[in-house]
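[1] Could you work out the structure for the sequence below:
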Amino acid sequence: MNEQRIKELRELCEAATPGPWEHDWGNWDVEQVGTRAHVCQADNSRELNDVDAIRDLQFIAESRTAIPELLDEVEILKAQNKEMKLIIGYNGGLIASNKRLSEENAKLCNCLEEKIKFIEEELADLREENERLRESSIDLSGTFDDIERQVIEHVLRRNNGNKSATARDLKLGERTIQRKTKRYFVDPFTA
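    Residues are numbered from 1 along each chain as shown. All right, here's what the predicted structure looks like:
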């Protein structure tokens with residue numbers, strides 16, 4: 001319904017006899033004079049003239065199409081209102097989704113901070129281990145046999161005296177480790 005049509009309908013409404021209109025079939029006479037008929041009766045404080053009757057007839061005649069048009073417009077507006085509510089709901093869902101993403105982002109940041117802290121702690125532990133290893137380093141100024149003995153002794157100590165693990169770490173056979181520990185008199189339980 002365009003603005004012009006709304007204006008026309010409003011003018012018809014304003015030109016018609018003021019309402020509310022009432023009818024009382026018992027006291028209401030239809031009076032015909034020629035081709036004229038009174039189709040409504042206003043309150044007794046105002047007398048109707050021919051112009052009023054014509055306006056009322058126009059209003060009544062136009063009501064037959066105007067009312068369905070208005071009802072159609074109401075249905076359209078209701079549908080648009082429903083659509084707007086869906087859009088608002090969708091946008092509200094986006095806002096809630098955005099809030100949820102922000103919360104998840106904060107959780108991820110916390111998780112990353114914890115992982116960074118863990119890595120920093122591990123790095124500190126590795127630095128300490130490195131320093132300890134430097135302090136217990138092997139003296140390379142001795143003979144080959146002295147260096148070999150120190151290496152076997154160090155790996156045995158790291159493996160808590162386990163000769164199989166020591167052989168695996170040094171990429172030697174277990175019998176070779178047995179033989180070398182006897183040769184260098186290394187006691188795995190005191191090493």
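[2] so where does the one residue sitting closest to the centre of the chain fall, helix or strand?
    With distances taken as CA atoms, centre = their mean, Ser97 lies nearest the centre of the chain, 1.2 Å away. Using DSSP states H and E, Ser97 sits within helix 50-135.
[3] name the helices or strands packed onto the next helix or strand after that helix?
    Counting by DSSP H and E, the element after helix 50-135 in chain order, helix or strand, is helix 144-158. Under the contact criterion of 3 or more CB pairs under 8 Å, 6 or more residues apart in numbering; DSSP states H and E, helix 144-158 touches helix 163-170, helix 174-184. For glycine as for every other residue, the C-beta is placed from the backbone atoms N, C-alpha and C.
[4] and among these, the most buried is which?
    Stretch with highest mean neighbour count among the helices and strands packed on helix 144-158: helix 163-170 (a mean of 17; mean count of other CB atoms under 10 Å).
[5] What helices and strands are in contact with that one?
    By 3+ CB pairs under 8 Å, 6+ apart, helix 163-170 packs against helix 144-158, helix 174-184.
[6] tell me the angle it makes with helix 174-184.
    Interaxial angle of helix 163-170 relative to helix 174-184 (axes from the mean of the first three to the mean of the last three CA atoms, to 10 degrees): 100 degrees.
[7] how far off helix 144-158 does helix 163-170 point, in degrees?
    Using the same axes, to 10 degrees: helix 163-170 against helix 144-158 is 120 degrees.
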